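Participant: Starting from these lines, generate the structure:
(chains A, B, C and D)
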There are 2 protein chains.
Amino acid sequence: MIFRLNPQSGVPMYLQLIEQVRHAIENGAVRPGEQLPGIRKLAESIPMNPNTVAKAYKELEHLGLVELRQGSGAFVSEKLNTKELTDRMRTAKPIVERTVEKLRDLGLNEDEIRRLVEAELTEKRTAAGERQ
Amino acid sequence: MIFRLNPQSGVPMYLQLIEQVRHAIENGAVRPGEQLPGIRKLAESIPMNPNTVAKAYKELEHLGLVELRQGSGAFVSEKLNTKELTDRMRTAKPIVERTVEKLRDLGLNEDEIRRLVEAELTEKRTAAGERQ
DNA sequence: CATAGTGTACTAGTCTACTATGACACTAAG
DNA sequence: CTTAGTGTCATAGTAGACTAGTACACTATG
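Facilitator: Here you go, the predicted structure:
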């Protein structure tokens, strides 16, 4: 349960935390019912303020991914049907791995890769009339 | 010269603008010496405050990508050697296109794709001991 | 029952992004 | 010279993210 956040990126820390917990769940790294790190310990390890971690956890609860039990702890929601999701992610992961490797071999750095992916998502979103 | 920013993403608007102008240059969409949209017009079209656009342009100037000439306008820096860069990007683009298409076919949405790519970049960065 | 560990809540203050407005200075075109 | 278009600068204010510190309430354990 290690989270790596980037305080410099401009993306609020609590949003980054949310994304990473979400990813850990989708990924199968943590399973439904499993206990997540406590607010204070997590805040220490990142490091960030406990209030900010609490904010992220509360948002995750609101999203239905996490259950917060006062006095007890934070747990991955029991009711989640993660099987289908983690299967998709498991299939997708090697695809992404290979692509990122290819791009790195071409000499692209992280930011350039991000820009390419973002541009692709943005273009096709507009073309397909998806949300936003 | 159309820029699509997402005010909801948590990423500061001026950073998103910088990334997109950068991408347009790397991509060959605008060439060295070419004039960029004026601060006020750009601000209108996005929309955002002219000060914020000016901040982005100033940062781009500091990065050496753009030249600002008072009274005249903003121009893509003449001295840029973009050939090698745009070649790499041109090679990389279809790779990214195919991958994103595959992921979409698997049923992944934008956010899930972003998380996968980000996780891949983060993991390998740590493993390889790259910057940050 | 006592205690340690948990989530919850509140106040206060700082910092940054952003908006709003207005004025100024320079440049190119008529 | 005039004018329209440009970048530059300064002030003020709003909103959100984050930190700091403190106190409280609940739960599990011994």
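Participant: list the helices and strands the lengthiest helix in chain A packs on?
Facilitator: The residue-count maximum for a helix in chain A (DSSP state H) belongs to helix A:83-105. In terms of contacts (3 or more Cβ pairs under 8 Å, 6 or more residues apart in numbering or on different chains; DSSP states H and E), helix A:83-105 is packed against helix A:13-27, helix A:110-128, helix B:83-105, helix B:110-128. Heads up, the C-betas are built off the backbone N, CA and C, glycines and all.
Participant: and if we set it to 6 Å?
Facilitator: Taking 3 or more Cβ pairs under 6 Å, 6 or more residues apart in numbering or on different chains; DSSP states H and E as the contact definition, the neighbouring helices and strands of helix A:83-105 are helix A:13-27, helix B:83-105, helix B:110-128.
Participant: nearest to DNA strand D, of those helices?
Facilitator: Ranking those by distance to DNA strand D, with Cβ to the nearest atom of the strand as the measure, places helix A:13-27 first at 3.2 Å.
Participant: sorry, back to before: now do the longest helix of chain A against helix A:110-128, angle only.
Facilitator: Angle, helix A:83-105 to helix A:110-128, by axes from the mean of the first three to the mean of the last three Cα atoms, to 10 degrees: 120 degrees.
Participant: quick one: helix A:83-105 to helix A:13-27, angle?
Facilitator: An angle of 110 degrees separates the directions of helix A:83-105 and helix A:13-27 when computed by the same axes, to 10 degrees.
Participant: The lowest-mean-pLDDT helix or strand in chain A near chain B anywhere?
Facilitator: Sorting the helices and strands of chain A by mean pLDDT, DSSP states H and E puts helix A:110-128 at the bottom, at a mean of 86. Yes. For a cut-off given as Cβ under 6 Å from any Cβ of the partner chain, helix A:110-128 has contacts with chain B, namely A:110, A:115-117, A:119-122.
Participant: okay, the residues you listed in CSV with neighbour count next?
Facilitator: Output for the residues of helix A:110-128 next to chain B, formatted as CSV (neighbours: other Cβ atoms under 10 Å in any protein chain shown):
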residue, neighbour count
A:110, 19
A:115, 20
A:116, 23
A:117, 24
A:119, 20
A:120, 17
A:121, 21
A:122, 18
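Participant: Most widely separated two among those residues?
Facilitator: Pairwise distances across the residues of helix A:110-128 next to chain B peak at 18.2 Å for A:110 and A:122 (criterion: Cβ to Cβ).
Participant: For DNA strand D, what is the nearest residue in chain A?
Facilitator: Using Cβ to the nearest atom of the strand, residue A:71 is the residue of chain A that sits closest to DNA strand D, at 2.2 Å.
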